[in-house]
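**Student:** here is a sequence with its predicted model. Questions after.
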Amino acid sequence: MKVNKAQARVGISTAILLLFLVLYPSWQEAAQNEIAYRKDIGRGFLWSPPSTVSIDCYFVGCKVAPASYFHALLNRQLLLEQTIPVLVVAGVFLWLFRSQEETKRPMLESRTKKLRISFLLALLIPPVGGVPMGAALASLPMLLIDRGEFWAVYAVATPIIYFVFALAIFGLLSALQWLIARTESVRGV
């Protein structure tokens, strides 16, 4: 199988994004002797995690737990929730661009292809907490089974937010396509 230019761009973009996610991951701090306590402390390089911070202590007679009481841990679950949607979307893009050759129409001229691209790109946007929309949508069945607090709000709002993101990306792609066509017509290309 010969890789075309669009597939090469997808592969390079995916490699760069995955490299960023792996080399600059999210970190949490954990107490030395406790397993249950985790607090997000931000992103940091893989070989140089961010410093831990002191927190208000919940023990009797203790006011502040010093930063030295904690250690930095890689947030593996978030890293997995960020990399899997990137790999899935990249795989679909590679499949979608499999037959595009230089002689065919440009990819964004077809409204349906532009809509497909918009829905795929919307899977990568994190609505809140750094978790991409693809992982949030994939977790909906578990949300329906567990039925925690406000489960119905999340079950309804997540797909609606996904569609809003996809339509916004579709609008941006359409505006970009219009802008490119306009600049080409002004230049006389």
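**Tutor:** Structure's in. What do you need?

**Student:** can we go C-alpha only for contacts and neighbour counts from here?
**Tutor:** Noted.

**Student:** where in the protein is the helix or strand with the lowest mean pLDDT?
**Tutor:** Between all helices and strands in the chain, the lowest mean by mean pLDDT, DSSP states H and E belongs to strand 64-65, at a mean of 74.

**Student:** all strands of the chain, in order?
**Tutor:** Ranges of strands in the chain, per DSSP state E, are 26-31, 39-43, 55-56, 64-65, 70-74.

**Student:** quick one, the longest one and strand 70-74 angle?
**Tutor:** Pointing back at strand 26-31 there. 150 degrees (axes from the mean of the first three to the mean of the last three CA atoms, to 10 degrees).

**Student:** distance from strand 26-31 to the middle of the chain?
**Tutor:** Centroid separation between strand 26-31 and its chain, computed with CA atoms, centre = their mean, to the nearest Å, is 20 Å.

**Student:** kindly report the same for stretch 151-168.
**Tutor:** 15 Å.

**Student:** likewise for stretch 120-138?
**Tutor:** In terms of CA atoms, centre = their mean, the centre of stretch 120-138 is set 5 Å apart from its chain centre.

**Student:** going forward, count from 350.
**Tutor:** Right, with 350 as the first residue, what we last looked at is stretch 469-487.

**Student:** which residues does residue 481 contact?
**Tutor:** 430-431, 434, 472-475 (CA atoms under 8 Å, 6 or more residues apart in numbering).
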